[in-house]
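A.B. asks: Show me how the following folds:
(chains A and B)
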2 protein chains.
Amino acid sequence: MKREMLIEKYGLDISIVAVTDRSGAAINPNGLDIELLLEIKDKTGKIANYPEFGVSDISGVQVLDDVDYDCLVEVTPTNIEDGEPARTHMLKAMKDGKNVVTSNKGPLSLNFHELLEAADSTNAHFRYEASVGGAMPIINFSHETLAGNKITSVQGILNGTCNYILSRMANEGSPYLQTLNEAQELGIAETDPTQDVEGIDAACKIVILANSVLNRDVSLKDVKMEGITRITPESIALAKKEGLLIKLIGEASYDNLEVSPRLVREGSPFAVDGTLNVATLKTDLADDVTVAGKGAGSIETASAILSDIVSIWKARS
Amino acid sequence: MKREMLIEKYGLDISIVAVTDRSGAAINPNGLDIELLLEIKDKTGKIANYPEFGVSDISGVQVLDDVDYDCLVEVTPTNIEDGEPARTHMLKAMKDGKNVVTSNKGPLSLNFHELLEAADSTNAHFRYEASVGGAMPIINFSHETLAGNKITSVQGILNGTCNYILSRMANEGSPYLQTLNEAQELGIAETDPTQDVEGIDAACKIVILANSVLNRDVSLKDVKMEGITRITPESIALAKKEGLLIKLIGEASYDNLEVSPRLVREGSPFAVDGTLNVATLKTDLADDVTVAGKGAGSIETASAILSDIVSIWKARS
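C.D. replies: Modelled structure (predicted):
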């Protein structure tokens, strides 16, 4: 159904010619069957089991060499140590003049300008909407929709897990560890919640926003970072009496890169509950403009990736 | 400064060749002096007093015939009876193959498809971001940024005056008429507040969103409308006890066009105070995506108009 919509609306007929995972790849220059791909991965866990066109023991880079394609969609797990293997995959594709769409925060928060330059050197398109805030379309929004404005800073609630925990602590008066455990039981927080609750995930996003929206040249080590682990129900209750909420706010401006708990006013756009992500762009003409959306989720991430693919398709000359 | 930014960033050097008001026009094919235009209008109230290039007793249509231009910016006052004179100005420009940018809700909520067809017939660009929500860039956002998504409805707080009155009634427990009077003293509500408080202004915006975002063919008479004049501090207090707020919400979907007071949850994106406008797009992939921004103001409206001009410039072939 989505396929027909893309053909009708944009004349875009996407053909998936290769998919890789740790097991190997499935490769068919005439296009793979999407339903079958999902079924094989779901049932066997290994894409190499794809009938007829499955290949074992082939690396991602080898697939990029062997296959003729227009756009790489890089969605390997985030690695904030060295950005691999995503970094190598993307650089390889870009150097071959291929377009790249990614949701991968790792290489973007470590090697942003290396990637940008690799893409520029072959005039490849490079889009990464899904890397910040899932279905909250902050990056394309700031580049396209606010044309004519100068953006001076981005502030936002960039981690849904932290916002969920803080919202529940505020609504129920429950302590941090208990609320974290409940979030873990619900699958909202991960078993190892460090990346979220220490502010690392939000800091990665701040780096991407600083580089992309403000055109800065920074990486993860440049961000001042404080998480939510030391916030008490008492401090939340005290703030509430004054009509204030405690939120984990990320800020990227020309003189500050920071993730830390801050007080926000009830009735302001940051006073949202649950796993929503929200970001406010400060601009010279439009004043504050705010975008909010689901920060995570597979369909939401797919939505961001698809909007990037459509943008690249529309921008082709 | 903005001029240099537009030249540097987009290669766009805007020259204002004619400006009209009730007094006549100022016309110079080599470009008018912006500072002088503002000074003359400010001091004398009449653009026809522009030195050397001022012309008295010339109609808008006559100016469109006499002047060579690329883009008409139509910002005459909103008229929801027959959309004039904006409708005639825009149709004239479109038929001559000229691009049109407008902030004028009148003809858009009465004659949307007539305008769209006139623009299409000569391949003229037609943009109207400023007509809905000032600096809340909902229209271009839904067309550009959410590419690949199917939008199923738009809901929002589309009138800043009503939201200001309702926020104050909630925060201070004050009755409607007293709060309206205070808003009038502050210049937030107009002397005749009918268009705002009866929901007419929000309904115009709902019509534009339904036609533009949902591709429907509707006009103002199709909208169910109820304003805020009958809301009491008691009902607001009652809602508050349950963690709810009363907001004037506009909704455009495939089976509903409505402006009416509704209950929204504290902690939701609609729980914003003051004159902010907020709109949520329901989509098939990205789920709910929300945009918020200043709903009114001359700079904010100028920002939306400028973003439309830049879009047209970028889209030129």
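
A.B. asks: If we ignore the residues flanking it in sequence, what's nearest residue A:218?
C.D. replies: residue A:210 (5.1 Å; CB to CB, 6 or more residues apart in numbering or on different chains). (Glycine included, C-beta is placed from N, CA and C.)

A.B. asks: That neighbour: helix or strand, and which one exactly?
C.D. replies: Here residue A:210, judged by DSSP states H and E, is contained in helix A:200-212.

A.B. asks: For the next helix or strand after that helix, enumerate the helices and strands it packs against.
C.D. replies: Downstream of helix A:200-212, the next assigned helix or strand under DSSP H and E is strand A:224-225. Packing contacts for strand A:224-225, counted by 3 or more CB pairs under 8 Å, 6 or more residues apart in numbering or on different chains; DSSP states H and E, involve strand A:257-265.

A.B. asks: circling back: can you pull the contacts of the residue nearest to residue A:218?
C.D. replies: A:154, A:216, A:218, A:252, A:257 (CB atoms under 8 Å, 6 or more residues apart in numbering or on different chains).

A.B. asks: before we move on, back to that, what's the angle from the helix holding residue A:210 to strand A:257-265?
C.D. replies: On the basis of axes from the mean of the first three to the mean of the last three CA atoms, to 10 degrees, helix A:200-212 is oriented at 110 degrees to strand A:257-265.

A.B. asks: Closest to residue B:223 out of the contacts of residue A:210?
C.D. replies: Closest to residue B:223 out of those is residue A:154 (35.7 Å), distances taken as CB to CB.

A.B. asks: That closest one: helix or strand, and which one exactly?
C.D. replies: Using DSSP H and E, residue A:154 sits within strand A:151-157.

A.B. asks: what comes into contact with the next helix or strand after that strand?
C.D. replies: Using DSSP H and E, the helix or strand that follows strand A:151-157 in sequence is helix A:160-172. For helix A:160-172, contacts defined as CB under 8 Å, 6+ apart pick out A:134, A:157, A:174-176, A:179-180, A:182-183, A:188-190, A:193, A:196-197, A:199, A:201-202, A:227-228, A:231, A:233, A:236, A:240, A:245-248, A:272-277, A:294-296, B:267.

A.B. asks: chain center to helix A:160-172, what's the gap?
C.D. replies: Mean-position distance between helix A:160-172 and its chain equals 21 Å (CA atoms, centre = their mean, to the nearest Å).

A.B. asks: Quick check: residues of the stretch 151-300 of chain A near chain B?
C.D. replies: Within reach of chain B by CB under 8 Å from any CB of the partner chain, the stretch 151-300 of chain A has these residues: A:167, A:171, A:265-269, A:271-274, A:276, A:278, A:283-294, A:297, A:299-300.

A.B. asks: Restricted to strands, list the residues you listed.
C.D. replies: A:265, A:276, A:278, A:283, A:288-294 (DSSP state E).

A.B. asks: what's the angle from the lengthiest helix in chain A to strand A:288-294?
C.D. replies: What stands out as the longest helix in chain A, according to DSSP state H, is helix A:298-315. Interaxial angle, helix A:298-315 versus strand A:288-294 (the same axes, to 10 degrees): 120 degrees.

A.B. asks: Would you mind checking the contacts of helix A:160-172 for buried ones?
C.D. replies: Buried subset of the contacts of helix A:160-172 (neighbour count, 16 or more other CB atoms under 10 Å in any protein chain shown): A:134, A:157, A:174, A:176, A:179-180, A:182-183, A:188-189, A:193, A:196-197, A:199, A:201-202, A:227-228, A:231, A:233, A:236, A:245-248, A:272-273, A:275-277, A:294-296, B:267.

A.B. asks: My read is that residue A:99 contacts residue A:128, right?
C.D. replies: No - counting by CB atoms under 8 Å, residue A:99 sits too far from residue A:128 to count as a contact (11.8 Å).

A.B. asks: Low-confidence ranges, the stretch 201-317 of chain A, go.
C.D. replies: A:317 (pLDDT under 70).

A.B. asks: Look up the residues forming beta bridges with residue A:56.
C.D. replies: residue A:24 (DSSP bridges).

A.B. asks: In helices only, show me the contacts of helix A:160-172.
C.D. replies: Those of the contacts of helix A:160-172 lying in helices (DSSP H): A:176, A:179-180, A:182-183, A:196-197, A:201-202, A:233, A:236, A:240.

A.B. asks: With only the CA atoms kept, save the helix holding residue A:210 in CSV.
C.D. replies: Coordinates of each C-alpha in helix A:200-212 appear next as CSV, following Å, rounded to 0.1, in the frame of the first residue of the first chain:
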residue,chain,number,x,y,z
ILE,A,200,24.7,10.0,26.6
ASP,A,201,22.0,9.4,24.1
ALA,A,202,20.7,12.9,24.4
ALA,A,203,24.3,14.2,24.1
CYS,A,204,24.8,12.3,20.8
LYS,A,205,21.7,14.0,19.5
ILE,A,206,23.0,17.4,20.6
VAL,A,207,26.2,16.8,18.7
ILE,A,208,24.3,15.9,15.6
LEU,A,209,22.1,19.0,15.9
ALA,A,210,25.0,21.3,16.6
ASN,A,211,26.9,20.0,13.5
SER,A,212,23.9,19.8,11.2
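
A.B. asks: can you give me how far that helix is from the chain middle?
C.D. replies: 10 Å.

A.B. asks: okay, the angle between it and helix A:160-172?
C.D. replies: Between helix A:200-212 and helix A:160-172, the angle comes out at 120 degrees (the same axes, to 10 degrees).

A.B. asks: Any regions of the stretch 1-150 of chain A where pLDDT drops low?
C.D. replies: A:1.

A.B. asks: Chain B contacts on that one?
C.D. replies: So the stretch 1-150 of chain A meets chain B at A:2, A:5-6, A:10, A:135-137, A:140-141, A:144-150 (CB under 8 Å from any CB).

A.B. asks: swap the cut-off to 10 Å and go again
C.D. replies: Proximity of the stretch 1-150 of chain A to chain B is confined to A:1-2, A:5-6, A:9-10, A:12, A:129, A:134-150 under the rule CB under 10 Å from any CB of the partner chain.

A.B. asks: Just the buried residues from the residues you listed, in ChimeraX please.
C.D. replies: Entered in ChimeraX, the line below selects the buried ones among the residues of the stretch 1-150 of chain A next to chain B, by 16+ other CB under 10 Å:
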select /A:6,12,129,134,135,136,137,138,139,140,141,142,143,144,145,146,147,148,149
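
A.B. asks: Can you report how many residues lie near residue A:13?
C.D. replies: Using other CB atoms under 10 Å in any protein chain shown, residue A:13 has 11 neighbouring residues.

A.B. asks: doesn't residue A:5 make contact with it?
C.D. replies: No - look at residue A:13 against residue A:5 with CB atoms under 10 Å: they stay out of range, at 11.3 Å.

A.B. asks: who touches residue A:12 in this structure?
C.D. replies: Applying CB atoms under 10 Å, 6 or more residues apart in numbering or on different chains, one finds that residue A:12 lies in contact with A:3, A:5-6, A:306, A:309-310, A:312-314, A:316, B:147-148.

A.B. asks: Among the residues you listed, pick out the one closest to residue A:54, please.
C.D. replies: Once CB to CB is applied, the member of those that ends up nearest residue A:54 is residue A:3, at 23.0 Å.

A.B. asks: Check the offset of the host helix or strand of the closest one from the chain's centre.
C.D. replies: Element membership of residue A:3 [criterion: DSSP H and E] is helix A:2-10. Here helix A:2-10 is found 25 Å from its chain centre; the criterion is CA atoms, centre = their mean.

A.B. asks: next SSE after it?
C.D. replies: As assigned by DSSP H and E, the chain's next helix or strand after helix A:2-10 is strand A:18-21.

A.B. asks: got the buried residues for that next one?
C.D. replies: Quick answer for strand A:18-21 (16+ other CB under 10 Å): A:18-20.

A.B. asks: Apart from its chain neighbours, what residue comes closest to residue A:46?
C.D. replies: residue A:23 (3.5 Å).

A.B. asks: And for the one you found, the neighbour number?
C.D. replies: Using other CB under 10 Å, residue A:23 has 19 neighbouring residues.

A.B. asks: Would you confirm that it contacts residue A:59?
C.D. replies: No - using CB under 10 Å, residue A:23 is not in contact with residue A:59, being 11.7 Å away.
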